[in-house]
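Peer 1: okay, here's the prediction I keep looking at, along with the sequence it came from:
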Amino acid sequence: MNDEQRFQRLAGVITLASLLPALGAGVCLGAAANFNIAFMGNPGALITIGASGANLFRWGMVLDVFGYYLLLAPLALFLWNALKRTSPLLVTLYTLCGLGYILAGALGAIMLAAVEPPLIVQYAQATAASRETLQIVFNSFLNAVYLGLWNPLEALLAGIWWVGIGALMKRERRALGIVTMLLGLGALLDAVGNIIGQEAIFVIGVSWLVLFFFVWVAWCGIELLRRPLVSAGVGG
């Protein structure tokens, strides 16, 4: 087994492993909000979830760093290496966008994990006058990440990566390439909806992402483990 084959297997294992923290992040964040969907429309209200909720929020964001971002880096590098033989410049451009998505997303999540939980704890113990200031700080930081670093920047980079990589993957893995492009389309709708201020487009994009993300990650991980030999395409 050569280096490419070993790296492919490693990437497959890590990609499948990313599903656990990604699912864990959703469970922790949902539990922090008592699985109340009202928080989705008003995330600033998360400051009221108390100390126990703050701890769950922190763990949700830490797991988010790994599940949705850092553990996808080996997959991004493997796809770059496998596809560069036919389209070196395009796949490098798309992969840079993918690594940008991973970096921007992970930075946003770890910043929220560090900053927001202490504000939530302070809010539970603060006077009414202090709570107003804490709410302003909480909302400002939340908006900087959610409406700046994560969206549209992260979503736009992810969309370009997935649509571009998916188009190249279609040559050897048609079905997987199409699913990858559909995932990217969801990310682009997410970004565009936020940029133009159309909530309906944003909601469609987010729903699309949730629908295809776990399918795509699981499919990619299984493909990498099922096909140990790297060919001129994706995974042999």
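Peer 2: That came in fine, so what should we check first? Numbers count the residues shown, from 1 in each chain.
Peer 1: the helix or strand containing residue 137: what's the following helix or strand?
Peer 2: Taking DSSP states H and E as the definition, residue 137 sits inside helix 128-144. Per DSSP H and E, helix 128-144 leads on to helix 155-169 as the next helix or strand towards the C-terminus.
Peer 1: other residues contacting that following helix?
Peer 2: Helix 155-169 has contacts (C-beta atoms under 8 Å, 6 or more residues apart in numbering) with 76, 79, 83, 86-87, 90-91, 93-95, 97-98, 100-101, 104-105, 176-188, 190-191, 194, 205, 216, 233-234. All C-beta atoms are positioned from the backbone trio N, CA, C, and that covers glycine.
Peer 1: look through the chain and tell me its longest helix.
Peer 2: In the chain, with assignment by DSSP state H, the single longest helix is helix 88-125.
Peer 1: for the record, mean pLDDT for it?
Peer 2: Mean per-residue pLDDT for helix 88-125: 97.
Peer 1: helices and strands around it, which ones?
Peer 2: If contacts are counted by 3 or more C-beta pairs under 8 Å, 6 or more residues apart in numbering; DSSP states H and E, helix 88-125 sits against helix 50-64, helix 73-83, helix 128-144, helix 155-169.
Peer 1: low-confidence regions, this protein specifically.
Peer 2: Applying pLDDT under 70 to the chain flags the ranges 1, 228-236.
Peer 1: circling back to that earlier point, got the helices and strands packed on helix 88-125 as JSON lines, with distance to residue 117 columns?
Peer 2: Compiled in JSON lines, those are given as follows (distance: least, C-beta to C-beta, whole Å):
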{"stretch": "helix 50-64", "distance to residue 117": "4"}
{"stretch": "helix 73-83", "distance to residue 117": "26"}
{"stretch": "helix 128-144", "distance to residue 117": "10"}
{"stretch": "helix 155-169", "distance to residue 117": "25"}
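Peer 1: out of these, nearest to residue 113?
Peer 2: helix 50-64 (3.7 Å; C-beta to C-beta).
Peer 1: contacting residues around that closest one?
Peer 2: Helix 50-64 is contacted by residues 21-22, 24-29, 31-34, 46, 49, 105, 109-110, 112-113, 116-118, 120-121, 124 when judged by C-beta under 8 Å, 6+ apart.
Peer 1: also stretch 214-231?
Peer 2: Everything outside stretch 214-231 that qualifies as a contact, by C-beta under 8 Å, 6+ apart, is 1, 4-5, 8-9, 11-13, 15-16, 18-19, 22-23, 72, 75, 78, 81-82, 162, 172-173, 176, 179-180, 183, 234-236.
Peer 1: got the buried residues for it?
Peer 2: 214, 216, 217, 219, 220, 221, 223, 224, 225, 227, 230 (16 or more other C-beta atoms under 10 Å).
Peer 1: host element of residue 208?
Peer 2: Here residue 208 sits within helix 199-226, counting by DSSP H and E.
Peer 1: relative orientation of that helix and helix 155-169 in degrees?
Peer 2: Angle between the axes of helix 199-226 and helix 155-169 is 40 degrees (criterion: axes from the mean of the first three to the mean of the last three C-alpha atoms, to 10 degrees).
Peer 1: what angle sits between the helix holding residue 137 and helix 88-125?
Peer 2: Angle of helix 128-144 versus helix 88-125, following the same axes, to 10 degrees, is 170 degrees.
Peer 1: return the set of buried residues in helix 128-144.
Peer 2: 131, 134, 135, 138, 139, 142.
Peer 1: what of stretch 115-123?
Peer 2: 115, 116, 117, 119, 120, 121, 122, 123.
Peer 1: again, but for stretch 70-78
Peer 2: By neighbour count with 16+ other C-beta under 10 Å, stretch 70-78 contains the buried residues 70, 71, 72, 73, 74, 75, 76, 78.
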